[in-house]
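Peer 1: Structure for the following, please:
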Amino acid sequence: MSDLNSAMLDRGLRARAAARALREASPETRTRALTLLAQKLREQAEAILSANQQDLEAGRANGMTEALLDRLALNAQRVEGIASAVDIIAGVPDPLGFETARWTAPVNGLDIARVRTPIGVLGIIYESRPNVTADAAALCIRSGNAAILRCGSDCLQSSLAIASVIAEALSEVGLPADAVQLVDTPDRAAVGLMLSGLNGTIDLIVPRGGKSLVGRVQAEARVAVLSHLEGMNHTYVHTAADPDMARALVVNAKMRRVSVCGATETLLIDKAVAPTLLPLIVADLQAKGCEVRGGEIARSIVPGIVPASDEDWSTEYLAPIITVGVVNDIDHAITHIETYGSGHTEAIVTNDAEAAATFLNRVDSAIVVHNASTQYADGGEFGFGGEIGIATGRMHARGPVGAEQLTTYKYVVRGQGQTRP
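Peer 2: Below you'll find the predicted structure:
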């Protein structure tokens, strides 16, 4: 057995033991751990930022794109944002032990309750965002799950610094530091070992990253997977959209932060308003440094638009690039979204209540939005404090995955001596 294999199996065993301690801890203890974690993140911000500089220097040396460097970069404001997210998670009601339903079975008189319980040990695999280290840890602590975290090699030093703070916070409240473990090697073989389930010690794999990472996890995992596909998101400007609102929302949805999964990648606009409104929207986007690509009709309206290729309609750019399509009506827009979308987040801009209802009812994505930016596809904005990602599948959890979504349930049956005939 290789040293890495042995070390990873040992991690699994330690995580399984820690999961029991975390599950059996009181809600108050888990809350204290989170509150202390937020405090320590603030106190040790300088060390975290120093480690992040190491990652950024290595990223630049390796030719990392500006969009990926933005994902990787931390500053004082972002560290404060990470700590604030942990504070919010600490304030989320503890989900464990909550009865989601309770009834008396009419045939036998048994008192039956469905009660939330942790999933167990989560293997969380992610790429360039060091904030995920803290978000994932906090959500797992809140939901009573142990976690084995495997970050991308590009954010390893930042994540190690954050993981050290997490271990301190857990230990100081009497919880095992093994409840949250960060794989400290960039060896890609560690991912394969996690996908094997580590001899049954991992209950669920959560990938958070690009298409290649998620594809590998889905293809190789031998345990359950909570998938987070790319954010191939659309904003649709309907005939009845307020022009000023449409302009502001499109620019924000694309350009607020181009590297987040909630960024709009394709703008769809009704042909009835495209001749007057599209040139204004394109000018707004270009003024912010966004490259605009489009189909034939869009280019006939705004000649400066770059011709779009077939691949553009299904590309998550994570960069200041957007594709523009002119559609006939709402049915055409929905068909386009069904064809090219990833099931993440779609928005409609309209003052027509019937059109909005049609869009919200018919578009089958994890998040559907009316008259707001797609960049609100974020667990913090949903009141979850943070999220491990946006689940785009249809099983177990969908949309932002916060603490509640990281629980399963058991049935608690109470009787009075009943025997089954």
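Peer 1: what helices or strands is the longest helix seen in the chain leaning on?
Peer 2: Ranked by number of residues, the top helix in the chain under DSSP state H is helix 3-24. Under the contact definition 3 or more Cβ pairs under 8 Å, 6 or more residues apart in numbering; DSSP states H and E, helix 3-24 sits against strand 111-118, strand 121-126, strand 146-150, strand 180-182, helix 189-196. From N, CA and C alone the C-beta is placed, and that goes for glycine too.
Peer 1: what comes into contact with the second one?
Peer 2: The list of residues contacting strand 121-126 from outside it, by Cβ atoms under 8 Å, 6 or more residues apart in numbering, reads 12, 15-16, 19, 132, 136, 140, 145-152, 191, 194-195, 198, 201-209, 213, 217, 223, 388, 406.
Peer 1: Compute the distance from the centre of stretch 378-390 to the centre of its chain.
Peer 2: 7 Å (Cα atoms, centre = their mean, to the nearest Å).
Peer 1: Now do the same for it: mean pLDDT, whole number.
Peer 2: Computed over stretch 378-390, the mean pLDDT rounds to 81.
Peer 1: quick one: contacts of that stretch?
Peer 2: 85-92, 124, 132, 134-136, 138-139, 142, 206, 208, 226, 228, 231, 260-262, 344-345, 366-367, 377, 399-404, 406.
Peer 1: can you check stretch 27-41 too?
Peer 2: Contacts with stretch 27-41, where a contact means Cβ under 8 Å, 6+ apart, come from 22, 48, 79, 82-84, 86-87, 89-90, 94, 96-97, 134, 137-138, 141-142, 144, 162, 165-166, 168-170, 172-175.
Peer 1: mind listing what's buried in that stretch?
Peer 2: 29-38, 40-41 (16 or more other Cβ atoms under 10 Å).
Peer 1: Same check on stretch 317-337?
Peer 2: Result for stretch 317-337 [16+ other Cβ under 10 Å]: buried residues 317-327, 330, 332-334, 336-337.
Peer 1: Just the ones of these in helices?
Peer 2: Reading helices off the buried residues of stretch 317-337 with DSSP H, I get 330, 332-334, 336-337.
Peer 1: circling back to that earlier point, with secondary structure and pLDDT as new columns, can the buried residues of stretch 27-41 be given to me in TSV?
Peer 2: Output for the buried residues of stretch 27-41, formatted as TSV (DSSP: H, G, I helix; E, B strand; the rest coil; pLDDT from 0 to 100):
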residue	secondary structure	pLDDT
29	helix	98
30	helix	98
31	helix	98
32	helix	98
33	helix	98
34	helix	98
35	helix	98
36	helix	98
37	helix	98
38	helix	98
40	helix	98
41	helix	98
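Peer 1: farthest pair in those?
Peer 2: The largest separation in the buried residues of stretch 27-41, counting by Cβ to Cβ, is between 29 and 41 at 18.9 Å.
Peer 1: pretty sure residue 102 contacts residue 112?
Peer 2: Yes - the pair residue 102 / residue 112 is scored as a contact, 7.0 Å apart, by Cβ atoms under 8 Å.
Peer 1: Comparing these two, which shows the higher neighbour count?
Peer 2: Set side by side, residue 102 and residue 112 show more neighbours around residue 112, with 15 against 12, by other Cβ atoms under 10 Å.
Peer 1: where's that one relative to residue 83, distance?
Peer 2: Between residue 112 and residue 83 the computed distance is 41 Å (Cβ to Cβ, to the nearest Å).
Peer 1: hang on, the earlier thing: among the helices and strands packed on helix 3-24, which comes closest to residue 250?
Peer 2: Among the helices and strands packed on helix 3-24, strand 121-126 comes nearest to residue 250, with 28.9 Å by Cβ to Cβ.
Peer 1: quick one: the next helix or strand after that closest one to strand 121-126, angle?
Peer 2: As assigned by DSSP states H and E, the chain's next helix or strand after strand 121-126 is helix 131-143. Interaxial angle, helix 131-143 versus strand 121-126 (axes from the mean of the first three to the mean of the last three Cα atoms, to 10 degrees): 160 degrees.
Peer 1: so where's the stretch 1-150 of the chain uncertain?
Peer 2: Where the stretch 1-150 of the chain drops to pLDDT under 70, the residues are 1.
Peer 1: meant to ask about the stretch 151-300 of the chain
Peer 2: Using pLDDT under 70, the stretch 151-300 of the chain has no residue that qualifies.
Peer 1: Please enumerate the strands of it.
Peer 2: Ranges of strands within the stretch 151-300 of the chain are 180-182, 204-208, 224-225, 233-237, 264-270, 291-294, based on DSSP state E, counting those that start in this stretch.
Peer 1: so what does the second one touch, helix or strand wise?
Peer 2: Using 3+ Cβ pairs under 8 Å, 6+ apart as the contact criterion, the secondary-structure elements in contact with strand 204-208 are strand 121-126, helix 211-220, strand 224-225.
Peer 1: if we look at the longest one, which residues are touching it?
Peer 2: It stands for helix 211-220. With contacts defined as Cβ under 8 Å, 6+ apart, helix 211-220 is touched by 125, 127, 191-192, 195, 205, 207, 225, 227-230, 316.
Peer 1: make it 6 Å
Peer 2: Applying Cβ atoms under 6 Å, 6 or more residues apart in numbering, the contact partners of helix 211-220 are 195, 205, 207, 225, 227, 229-230.
Peer 1: Out of the helices and strands packed on strand 204-208, which is closest to residue 60?
Peer 2: Here strand 121-126 is closest among the helices and strands packed on strand 204-208 (Cβ to Cβ), at 20.8 Å.
Peer 1: Direction included, what does that closest one pair against?
Peer 2: Next to strand 121-126 in the sheet, as set by DSSP bridges, lie strand 146-150 (parallel), strand 204-208 (parallel).
Peer 1: How about stretch 381-395, which residues are buried there?
Peer 2: Buried residues in stretch 381-395, counted by 16+ other Cβ under 10 Å: 384-392.
Peer 1: Filter those residues down to the ones in strands?
Peer 2: Among those, the residues falling in strands (DSSP state E) are 390-391.
Peer 1: what's the most distant pair in the buried residues of stretch 381-395?
Peer 2: Farthest pair in these (Cβ to Cβ) is 385 and 392. Separation: 20.8 Å.
Peer 1: How about stretch 56-74, which residues are buried there?
Peer 2: Buried, per 16+ other Cβ under 10 Å, within stretch 56-74: 56, 58-59, 64, 67-74.
Peer 1: From the domain annotation, what segments belong to each domain of the protein?
Peer 2: Per automatic domain parsing, the structural domains of the chain span 3-228+388-414, 233-376.
Peer 1: contacting residues around residue 119?
Peer 2: Residue 119 touches 145, 203-204, 408, counting by Cβ under 6 Å, 6+ apart.
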